[in-house]
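Visitor: structure of the sequence below:
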Amino acid sequence: MDELWRRALGRQLRELRLARGERLDDTAARAGISPQYLSEIERGRKEPSSEMIAAVIGALESTLADVLVRVADGLQAASGEVIDIRSSIGLPRPATTYGPGLRDPFEATLSLAA
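Guide: Sure, this is the predicted structure:
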């Protein structure tokens, strides 16, 4: 994968913020972080903690599953390769079947977000 995860994440967060017509100040205030820090996250210059990512996603009234799918789609489009989100974040594939056509709750969440 050529592009860094943090750059892809930042780009998607910026796109979500702009689609809502918000300024950095507005989103940052709701997330409880400084506008400068949010700007650095959006530009891929900072590696935010999971708590910071959750705060920003919550401020944008989105979900982690939606953002992960958007990031994976962006990385896939940029690289031309198929990306398995589970393996890219280090999660094994379970052998158990959870429902009709779904292998686990993670896939169910992603299918709902699509």
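
Visitor: for this protein, which segments count as helices?
Guide: Secondary structure of the chain by DSSP state H: the helices cover 5-19, 24-31, 35-42, 50-59, 64-79, 85-88, 105-113.

Visitor: other residues contacting the fourth one?
Guide: Taking contacts as C-beta atoms under 8 Å, 6 or more residues apart in numbering, the residues outside helix 50-59 that touch it are 9, 13, 27-28, 30-33, 37-38, 41, 48, 63-64, 67. (Glycine included, C-beta is placed from N, CA and C.)

Visitor: most neighbours among those, which one?
Guide: Of all those, the highest neighbour tally under other C-beta atoms under 10 Å goes to L38, namely 27 neighbours.

Visitor: quick check: pLDDT value at the residue nearest to it when sequence neighbours are not counted.
Guide: The spatially closest residue to L38, leaving aside those adjacent along the chain, is A28, at 4.3 Å (C-beta to C-beta, 6 or more residues apart in numbering). Listed pLDDT for A28 reads 97.

Visitor: where does this protein have its least confident helix or strand?
Guide: The least trusted helix or strand in the chain, going by mean pLDDT, DSSP states H and E, turns out to be helix 105-113, with a mean of 46.

Visitor: picking up where we left off before, wait, the residue nearest to L38 touches S34, no?
Guide: Yes. With the criterion set as C-beta atoms under 8 Å, A28 and S34 qualify as a contacting pair; they are 6.1 Å apart.
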